[in-house]
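below is the structure, and that's it, no one-letter string:
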């Protein structure tokens with residue numbers, strides 16, 4: 001009888017230890033492909049124009065979470081894939097926060113991406129809160145740089161030129177502050193595009209580190 005009781009007590013203790021270990025592990029879990037900044041970075045004001053011809057400035061960031069990335073509508077692969085993936089998971093991510101969550105597609109090719117082009121491009125993703133925007137390079141470059149992203153124009157005169165740009169996605173909080181960056185997996189021979197499953201796994205961990213919720 002005492003032997004059976006000891007076995008039961010040992011099993012119960014092991015179960016409790018396992019539960020505690022799981023909770024500690026979950027609590028200390030780190031996002032795999034996301035960088036959370038130790039301090040939120042205040043963004044300087046900026047002036048862009050969205051796909052409806054309306055002004056976009058820092059105030060447009062207030063009261064919402066924003067996932068932003070740079071690209072251009074003539075991009076052959078990374079941009080359409082990234083935008084499709086973000087639009088696809090936007091409802092699930094939005095359900096994790098109290099405020100609205102929007103996706104910002106910032107075109108760094110204002111020469112070709114006028115308002116009409118941006119409108120036509122973004123309209124493919126009407127099921128999600130996606131906003132397309134651009135501006136002249138005098139506005140774009142400092143804004144993109146303060147997001148921790150980059151782009152570089154080709155010196156070619158060909159009409160079908162390519163634009164080098166970052167493939168990461170940044171997170172901006174409802175106070176208009178840059179708080180995190182989600183990076184694509186870097187695999188040889190594969191495009192650097194955000195992994196939606198990893199994004200869904202990392203996002204709540206990022207929110208926990210930001211002490212949201």
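Arrived safely. If you're wondering where the values come from, they're calculated on a predicted model, not measured in any experiment.

distance of the nearest residue to residue 64 once chain neighbours are set aside relative to residue 181?
Among residues not flanking residue 64 along the chain, residue 100 sits closest, at 4.5 Å (Cβ to Cβ, 6 or more residues apart in numbering). Every residue, glycine included, has its C-beta placed from N, CA and C. Distance of residue 100 to residue 181, given as Cβ to Cβ, to the nearest Å: 21 Å.

looking at those two, which one has more neighbours?
Using other Cβ atoms under 10 Å as the criterion, residue 100 and residue 181 rank with residue 181 on top: 19 against 12.

list the contacts for the more buried one?
When contacts are counted by Cβ atoms under 8 Å, 6 or more residues apart in numbering, residue 181 touches 34, 35, 37, 148, 168, 169, 170, 171.

now stretch 76-92: average pLDDT?
Stretch 76-92 comes out with an average pLDDT of 95.

chain center to it: distance?
Taking Cα atoms, centre = their mean, to the nearest Å, one finds the center of stretch 76-92 at 10 Å from the center of the full chain.

can you point out the buried residues in it?
Going by neighbour count (16 or more other Cβ atoms under 10 Å), the buried part of stretch 76-92 is 78, 79, 80, 81, 82, 83, 85, 86, 87, 89, 90.

surely residue 50 meets residue 132?
Yes: Residue 50 is in contact with residue 132 according to Cβ atoms under 8 Å; the separation is 6.4 Å.

shared neighbours, those two?
Joint contacts of residue 50 and residue 132 (Cβ under 8 Å, 6+ apart) are residue 118.

next secondary structure after the helix or strand of the chain with the lowest mean pLDDT?
In the chain, the helix or strand scored least confidently by mean pLDDT, DSSP states H and E is helix 2-27, which has a mean of 46. Downstream of helix 2-27, the first helix or strand assigned by DSSP states H and E is strand 34-42.

ok, residue 64 - contacts?
99, 100, 101, 102, 174.

what's next to stretch 37-51, contact-wise?
55-58, 61, 106, 115, 118-119, 121-122, 131-135, 139-140, 142-143, 146-147, 172-173, 175-181.

cool, stretch 71-78 as well?
Applying Cβ under 8 Å, 6+ apart, the external contacts of stretch 71-78 come out as 79, 82-83, 105-109, 112-113, 117-118, 121, 160, 162-163, 165, 167, 191-193.

surely residue 147 is in contact with residue 177?
No: counting by Cβ under 8 Å, residue 177 is not a contact partner of residue 147; they are 11.5 Å apart.

the more surrounded of these two?
Set residue 147 next to residue 177 and count neighbours by other Cβ under 10 Å: residue 147 wins out with 22 against 15.

can you tell me the SS state at the closest residue to that one other than its chain neighbours?
Spatially, and ignoring its direct neighbours in sequence, residue 147 is nearest to residue 170 (5.2 Å; Cβ to Cβ, 6+ apart). Here residue 170 takes the strand state, with states given by DSSP: H, G, I helix; E, B strand; the rest coil.

what's the neighbour count on residue 170?
22.

got the contact list for it?
Applying Cβ under 8 Å, 6+ apart, the residues contacting residue 170 are 67, 68, 69, 147, 148, 149, 178, 180, 181, 182.

nice, that's everything, thank you.
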